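**Student:** Got a predicted structure plus its sequence, pasted below:
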Amino acid sequence: MSAAAGRIARGVLGGYFLLMVVFLYAPMVVLVIFSFNDNTTPTLPLAGFTTHWYHIALGNDLLLAAVKRSAAIAALNGFAATLLAILAALALSAPRMFARPVVTALVMLPLVVPYVVLGVGMLVLLKTLGLDQSLSAVLFVHVVVSVPYGVLVVLPRLQTLDPSIQEAARDLGAGEITAFVRVTLPLIVPAILSSYLIAFTISFDEYAIASFLVPPGHDTFPIFLYSNARTPALRPQTVAIAGLVIAVSLVLVVAAEIGRRTAERRLEGV
């Protein structure tokens, strides 16, 4: 009976996983296919194969500027959020910490607050302080919402480390900072890479917060994409550039995964 139940459970789990993969990746495949469609309307059957929309998209200065702007914000967000996540994870993993449950709840709070609420709240705060919408404000809120994800990645890695390793380093004369840089940091590199990639992705495709805080004339890629997807003349260009973003994202994910596994193999061999 238990063996039969196990087979049924594995079958259900396998079917759920297959449906999840189709649900997540089918829209991307369709998007890439229609980016080569020789027609301004994304309908079947395809009118023909063309790379014309890619040439037009790569010549659209406003579109490229939006992509570069989003990439720059995402890169800065990845660095800042990962750095803060490391510091928060180190504090939360300390043997003795005052009000640990309260601090943990405050760090994780952005996970349960809707992005729309954060965007509106930040906009109200800016107006109260007499400040205008800016990309700096977008970056600030993106860091706030990205830090909890980084903590959830880095903290479990820290908790798996043997505390005696750092104690041994300190016994040999290393200070707190030296012990962390030379002992702990190399051991959590895979988690740091994962945290950076997650923070980069969150920032690059975030729309709800940016829609309130992006200043006029400085659209990020999601803002530009949403605004122009409803314009028939620009829709093929946005589909093409979205296809390029998907391709680059896949390359980055594969490269990050290869780097993470390489780092883990090196650490296992030490």
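**Tutor:** Yep, that arrived.
**Student:** For stretch 72-82, which outside residues touch it?
**Tutor:** With contacts defined as Cβ atoms under 8 Å, 6 or more residues apart in numbering, stretch 72-82 is touched by 135, 138-139, 142-143, 146-147, 149-150, 154, 192, 195-197, 199-204, 220. To be clear about C-beta, it is placed using only N, CA and C from the backbone, and glycine gets the same treatment.
**Student:** Report all helices and strands that the host helix or strand of G243 contacts.
**Tutor:** In this structure, G243 sits in helix 235-269 according to DSSP states H and E. On a contact count with 3 or more Cβ pairs under 8 Å, 6 or more residues apart in numbering; DSSP states H and E, helix 235-269 meets helix 2-34, helix 52-58, helix 61-92, helix 189-204, helix 221-228.
**Student:** just to revisit the earlier point, and the contacts of stretch 72-82, which are buried?
**Tutor:** The neighbour-count criterion (16 or more other Cβ atoms under 10 Å) marks 135, 138-139, 142-143, 146-147, 149-150, 154, 192, 195-197, 199-204, 220 among the contacts of stretch 72-82 as buried.
**Student:** now the end-to-end length of stretch 219-237.
**Tutor:** Start-to-end span of stretch 219-237 (Cα to Cα, to the nearest Å) is 16 Å.
**Student:** Offset the numbering so it begins at 653, please.
**Tutor:** Okay, using 653 as the starting number, the last item reads as stretch 871-889.
**Student:** for that stretch, what is the average pLDDT?
**Tutor:** Averaging pLDDT along stretch 871-889 gives 73.
**Student:** OK, contacts around the residue nearest to the spatial centre of the chain?
**Tutor:** Central residue of the chain (Cα atoms, centre = their mean): T853, 2.5 Å from the mean position. Contacts for T853 were tallied using Cβ under 8 Å, 6+ apart; they are A726, S901.
**Student:** Output the below-cut-off pLDDT ranges for this structure.
**Tutor:** Residues of the chain meeting the criterion pLDDT under 70: 653-657, 690-700, 749, 814-819, 821-828, 881-887, 912, 915-916, 918-922.
**Student:** domain parsing for it?
**Tutor:** Under the assignment automatic domain parsing, the domains of the chain span 653-681, 712-921.
**Student:** Distance from the first one to the middle of the chain?
**Tutor:** Counting by Cα atoms, centre = their mean, to the nearest Å, domain 653-681 is centred 25 Å from the centre of its parent chain.
**Student:** same question, the longest one
**Tutor:** On the basis of Cα atoms, centre = their mean, the separation between the geometric centre of domain 712-921 and that of its chain is 6 Å.
**Student:** Same check on stretch 669-684?
**Tutor:** 19 Å.
**Student:** what comes up buried for it?
**Tutor:** By 16+ other Cβ under 10 Å, the buried positions in stretch 669-684 come out as L683, V684.
**Student:** hmm, who's touching that stretch?
**Tutor:** Residues from elsewhere that reach stretch 669-684 (Cβ under 8 Å, 6+ apart): V891, A894, G895, I898, A899.
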